[in-house]
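**Q** Generate a structure from the sequence data that follows.
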Amino acid sequence: MLTVYFTVPLGSFGPEHPVLSWTVFLVFLTALAALLVHQIALIMRESDQGLPGLAILAVSILTLVAFSAAYFVLARRPGEFSGLQTRLDALYFTVVTMATVGYGDIVATGQSSRVVVVVQIVYTLVFLAAGFTALGQRARRRIGSGRHADDRSGHG
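**A** This is a model prediction of the structure:
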């Protein structure tokens, strides 16, 4: 997925096509959120359908790609970023923002870039945190049910 991010042409997006850029970004994020909510629902229902851990990891990586691409495209617009020039810069900024570290070497200076940063932080706190919390709960349930089975069989 990261290989696609580094190779896919993003020339159709950016300041020359703001409506297309925002529409694609918002539709993609909405689809990722819906997929994540679906996976969380499967986990909460204790469904054995699919591999929710892999799905949540894939959504997390796609989230990195989506925000990195958005930042890279936004950086072509004058006044949106200070210090963001390459796709690697955008990926780095996305990871730093997701981790809420904020070194200060890349700064969102424009209003559009700041909106995307706020969306990323809220998205990370709400959707990704919920996904990983649900996975943790599932793991605890499975470990707990394994212990109960051992207790009933006289092992452990």
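**Q** which residue is nearest the centroid of the protein?
**A** The structure's the chain has its C-alpha centroid closest to residue 63; by Cα atoms, centre = their mean the separation is 2.8 Å.
**Q** ok, then the element right after the helix or strand where that residue lies?
**A** Element membership of residue 63, judged by DSSP states H and E, is helix 52-74. Per DSSP H and E, the first helix or strand lying C-terminal to helix 52-74 is strand 81-82.
**Q** Show me where the chain has its helices.
**A** 2-7, 18-44, 52-74, 87-98, 111-123, 129-153 (DSSP state H).
**Q** what number of residues lie near residue 37?
**A** 13 (other Cβ atoms under 10 Å). All C-beta spots, glycine's among them, are computed from the backbone N, C-alpha and C.
**Q** go on, residue 67?
**A** Counted with other Cβ under 10 Å, residue 67 comes out at 25.
**Q** any idea how far residue 121 is from it?
**A** 10 Å (Cβ to Cβ, to the nearest Å).
**Q** and for the two, which residues touch both?
**A** Common contacts of residue 67 and residue 121, defined by Cβ atoms under 8 Å, 6 or more residues apart in numbering, comprise residue 97.
**Q** for stretch 90-101, the distance to its chain's centre please.
**A** In terms of Cα atoms, centre = their mean, to the nearest Å, the centre of stretch 90-101 is found 11 Å from the chain centre.
**Q** What average pLDDT does it get?
**A** Averaging pLDDT along stretch 90-101 yields 93.
**Q** Mind listing what's buried along that stretch?
**A** 90-94, 97-98 (16 or more other Cβ atoms under 10 Å).
**Q** need the contact list for the residue nearest to the centre of the chain.
**A** So residue 63 contacts 29, 32, 98, 123-124, 128 (Cβ under 8 Å, 6+ apart).
**Q** Nice, that's everything, thank you.
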